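Chemist: coordinates for the following, if possible.
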Amino acid sequence: MNDAGHGGAVSLEEIRRVLEAEVLSGSDHLSQTVKRADATDLMSQVLAYSRPGTVLLTGLTNIQVVNTALVAELSGIVFVRGLRPPAEVVAKGAGLSLPMLLTSLCMYRACGLVYSLGLPGLTSP
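Modeler: As a prediction, this is how the structure comes out:
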């Protein structure tokens, strides 16, 4: 395991496993690695600060999160707090082959577990 916060690459499957998350779409892309994570419900912040290849943890479940992921070239989305997105959101993500996961964990705990894998946030050096 990587030292927390030291910028190691982590697969989406590792994130799925540590968060005990359900796969909503993109199961064939869980082997891809990500180098950063972001956690927000503000899609304007994602557009302003995220980098391609980031995984987003969010409680927002509307279609805008998928649209934002597409524009920002995110590698995947993790919906927290057991907030299941509507069928049309899942369908759009699936149509884009966008990995989307669902965890029952709160945002705080999910972020801590992802960080413990060695995945830094966007503000980390």
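Chemist: phi and psi next, for S31.
Modeler: Here is the backbone geometry of S31 (degrees, to the nearest 10): phi -80, psi -10.
Chemist: show me what the residue lying closest to it once chain neighbours are set aside is bridged to.
Modeler: Closest residue to S31 apart from its sequence neighbours, by Cβ to Cβ, 6 or more residues apart in numbering: S11 at 5.7 Å. Placement of C-beta: from N, CA and C, glycine included. Beta bridges link S11 to T33 when assigned by DSSP bridges.
Chemist: let's see the pLDDT reported for S11.
Modeler: With respect to pLDDT, S11 scores 96.
Chemist: residue contacts, G82?
Modeler: Applying Cβ atoms under 8 Å, 6 or more residues apart in numbering, we find G82 in contact with 102-104.
Chemist: now swap in L30 and tell me
Modeler: 11-13, 16, 23, 99.
Chemist: contacting residues around the nearest residue to L98 once chain neighbours are set aside?
Modeler: In space, and not counting its chain neighbours, L98 is closest to G26: 5.4 Å by Cβ to Cβ, 6+ apart. Residues in contact with G26, defined by Cβ under 8 Å, 6+ apart, are 12, 76, 93-94, 97-100.
Chemist: just give the closest residue to A9, not the sequence neighbours.
Modeler: Of all residues not flanking A9 in the chain, T33 sits nearest, at 4.0 Å (Cβ to Cβ, 6+ apart).
Chemist: what of Q64?
Modeler: M43 (5.4 Å).
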